[in-house]
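Visitor: sequence? don't have it. structure:
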C-alpha cells in the first residue's frame, strides 16, 4: 500500500481528533508530563539528532557542500533549531499521547534496564560519525553470525518492533521528494520530474533501498547495544513488542519524520540565500 509522509500528518490529526473524544475517559498528558516523558525515554535527544541529517542535503541536490563554508553551518543551525523541533513535538504529544501509553513507556524506561538503554541510545544519537558507527556495527554483526549467535535475530526483532508498521522507507522517500520539490520551487535546482514521477522512480529501487535500510538498522542496533547481555536485549525486545509501546513508537516515529520533512522543506527554501540556482 502506498504510504506518503503527508499521511503521517493526517494520521496525527485523525488521532488527535479521536483522542479529543476520548479525553473524558482518558486524558491526554500535560506538558510537564510530556517533557518528563521525553527526557526519561531519550526522545528529546533523538529529536536533536534530526539536525545531523542536514549533512546529506547538498549531496541530494548534487551540490558540493564545501562550497557553502560557514554559511551552511549558520543556516542549518537556524533551520534545525532544537527548541523549535522540541516545542513542535511537545505540542503534538500533549494532544495525542494518552496517559496510559505515557505511563507504560515511562515505567519501562525509568527502570534500571530502561535507563541504561537510554544512556546508550542517547550516546549513539549524539555521535555524528555515522560511517564509523556503521563500520563498527557491521563488524559486530559479522562476528555474531560467525559465532552462530541468536542475538542477530533478536536485533532484527527489535528493529521490526520500533517500526512495526514498516513505514520508515516510504517516510524517508517522501522526505527526499518534499525536499527536492521545495528546492525546485525555490530555484535551487531545475527539476524535470514532478512529485509522482519522483516517487515512482524511488519505488523501482525500493527492494534495494529496503535491504540497505535493514542492514543499516541492524548494524546500528548491534553497535548501540553491544555492551548489553543477550538477556537484556531480549527483555528490551519483549518490552518494545507490547501493544502500548507499539502505540508510543508509532506516534513518535510519525512526529519525528514529519518534523524532519518540514525542516528539510524550510532548508530548501533558505538555501536560495546561499548560492545561485543550478541545474541537475
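Guide: Nice, I can see it. Model, not experiment: these values are computed from the prediction.
Visitor: report the buried residues of the lengthiest helix in the chain.
Guide: With DSSP state H setting the assignment, residue counts place helix 243-270 as the longest helix in the chain. Buried positions in helix 243-270, judged by neighbour count with 16 or more other CB atoms under 10 Å: 244-270. In short, each C-beta sits where N, CA and C put it, glycine included.
Visitor: likewise stretch 156-173?
Guide: Judged by neighbour count (16+ other CB under 10 Å), stretch 156-173 contains these buried residues: 157-159, 161-164, 167-173.
Visitor: out of those, which one sits closest to residue 56?
Guide: Distances from the buried residues of stretch 156-173 to residue 56 were compared by CB to CB; the smallest belongs to residue 172, at 10.6 Å.
Visitor: secondary structure element holding that closest one?
Guide: When secondary structure is defined by DSSP states H and E, residue 172 falls within helix 168-185.
Visitor: and that helix, how far out from the chain's middle?
Guide: Taking CA atoms, centre = their mean, to the nearest Å, one finds helix 168-185 lying 14 Å from the centre of the chain it belongs to.
Visitor: what's it packed up against?
Guide: The elements that helix 168-185 packs onto, with contact taken as 3 or more CB pairs under 8 Å, 6 or more residues apart in numbering; DSSP states H and E, are helix 57-60, helix 195-204, helix 206-224, helix 243-270.
Visitor: export the buried residues of stretch 156-173 as JSON lines, with columns for pLDDT.
Guide: JSON lines is the format used below for the buried residues of stretch 156-173 (pLDDT from 0 to 100):
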{"residue": "157", "pLDDT": "97"}
{"residue": "158", "pLDDT": "97"}
{"residue": "159", "pLDDT": "95"}
{"residue": "161", "pLDDT": "94"}
{"residue": "162", "pLDDT": "92"}
{"residue": "163", "pLDDT": "88"}
{"residue": "164", "pLDDT": "70"}
{"residue": "167", "pLDDT": "80"}
{"residue": "168", "pLDDT": "85"}
{"residue": "169", "pLDDT": "87"}
{"residue": "170", "pLDDT": "85"}
{"residue": "171", "pLDDT": "89"}
{"residue": "172", "pLDDT": "89"}
{"residue": "173", "pLDDT": "90"}
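Visitor: need those residues in TSV (columns: distance to residue 216).
Guide: Shown next, in TSV, are the buried residues of stretch 156-173 (distance: CB to CB, whole Å):
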residue	distance to residue 216
157	17
158	14
159	10
161	17
162	14
163	12
164	18
167	16
168	11
169	11
170	16
171	15
172	11
173	15
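Visitor: can you name the two of those that sit furthest apart?
Guide: Of all pairs drawn from these, the greatest distance, 24.4 Å, lies between 157 and 173 (CB to CB).
Visitor: quick revisit: closest to residue 33 out of the helices and strands packed on helix 168-185?
Guide: Of the helices and strands packed on helix 168-185, the one closest to residue 33 (CB to CB) turns out to be helix 243-270, at 13.3 Å.
Visitor: just how off-centre is that closest one within its chain?
Guide: Once both centres are worked out by CA atoms, centre = their mean, helix 243-270 turns out to sit 6 Å from its chain's centre.
Visitor: again, but for stretch 202-221
Guide: Averaging C-alpha positions (CA atoms, centre = their mean) puts stretch 202-221 14 Å from its chain's average.
Visitor: what mean pLDDT does it have?
Guide: Summarised as a single mean, pLDDT over stretch 202-221 is 91.
Visitor: check what contacts it and list those residues.
Guide: Contacts to stretch 202-221, defined as CB atoms under 8 Å, 6 or more residues apart in numbering, come from residues 124, 133-134, 136-138, 140-141, 152, 155-156, 158-159, 168-169, 172-173, 176-177.
Visitor: what of stretch 38-58?
Guide: 37, 64-65, 68, 72, 76-77, 79-80, 82, 85-86, 89-90, 93, 105-106, 109-110, 114, 118, 121-122, 125-126, 128, 130, 179, 252, 256, 259-260, 263-264, 267-268, 271.
Visitor: same check, this time on stretch 141-153
Guide: Contacting residues not belonging to stretch 141-153 are listed as 155, 218, 219, 222, 230, 233 [CB under 8 Å, 6+ apart].
Visitor: what's the closest of those to residue 32?
Guide: Distance ranking of the contacts of stretch 141-153 against residue 32, using CB to CB, places residue 233 first at 32.3 Å.
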